[in-house]
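A.B. asks: for reference, the sequence and a predicted model appear below.
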Amino acid sequence: MTHSHEEDPACEVAHGTGPAPEAARTLVAVFASPVAEVLLRFGAELGYRTMLMEPDPGRRPGGFTTVSEVGGHVDATCDVVLTDHHRDEIGPVLRDLLKSPARWIGIMGSPRHTGPHVQALTELGVPPEEIARVHRPIGLNIGSRTPAEIALATLAGLIADRNDRPGGFAF
């Protein structure tokens, strides 16, 4: 059986003979961390505009577009990933992100316990239905252990979600 690839744009892209589809999308990694660095590197390879949001000027690594607060930087093209669930700033940062038009907001953490963001947001008066918009866990369940594996699983999950595919955020 012979396959014709001439009519399949996805196949043409995979073989390097067709243009990749234009997609205006932004990946915002919140909090400088090893996972954030890999997310931003891999995200750029996947066609995302990338940005690091790090409130602490002493923790900002070089090499990334970095902002200190949500401000006008987060729009409807943004997938936002908080890469540290131990930071004191989690509540205020998430509260501000939930007011933004971000397409998707998630925070790293184990599904075996309630995330610290729930209490932090509750204490700030954020309603439960808004808190529920924060995805946790994030990424596909591939047993990630390293920063690169966590970033890969997260980006695969974001792409599946954005494309309305069953990549799986369920654990």
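C.D. replies: Sure thing, it's come through.
A.B. asks: rest of the way, CA atoms for contacts and neighbours
C.D. replies: Fine.
A.B. asks: any idea which residue sits dead centre in this protein?
C.D. replies: Using C-alpha atoms, centre = their mean, the residue of the chain that lies closest to the mean C-alpha position is Val81, 3.7 Å off.
A.B. asks: who's in contact with the helix or strand that contains that residue?
C.D. replies: Following DSSP states H and E, the helix or strand that holds Val81 is strand 78-82. For strand 78-82, the surrounding residues in contact (C-alpha atoms under 8 Å, 6 or more residues apart in numbering) are 25-31, 102-108, 158.
A.B. asks: which two of those residues have the greatest separation?
C.D. replies: Distance extremes for the contacts of strand 78-82: the farthest pair is Arg25 and Met108 at 20.5 Å, using C-alpha to C-alpha.
A.B. asks: His135 reaches Arg103, doesn't it?
C.D. replies: No: if you go by C-alpha atoms under 8 Å, His135 and Arg103 don't touch, sitting 11.6 Å apart.
A.B. asks: how many other residues sit next to Pro111?
C.D. replies: Applying other C-alpha atoms under 10 Å, we find 12 residues neighbouring Pro111.
A.B. asks: can you give me phi and psi for it?
C.D. replies: Backbone torsions for Pro111, taken as degrees, to the nearest 10, come to phi -80, psi -10.
A.B. asks: make 39 the first number, not 1, from now on.
C.D. replies: With the count now opening at 39, the last piece we talked about shows up as Pro149.
A.B. asks: and the pLDDT at the residue nearest to it when sequence neighbours are not counted?
C.D. replies: Closest residue in space to Pro149, ignoring its immediate chain neighbours: Pro175 at 5.6 Å, by C-alpha to C-alpha, 6 or more residues apart in numbering. Note on Pro175: pLDDT of 85.
A.B. asks: quick one, what contacts Pro72?
C.D. replies: The contact partners of Pro72, taken as C-alpha under 8 Å, 6+ apart, are Pro185.
A.B. asks: where do the strands sit along the protein?
C.D. replies: For the chain, the strands defined by DSSP state E cover 64-68, 87-91, 104-105, 116-120, 142-145, 172-173.
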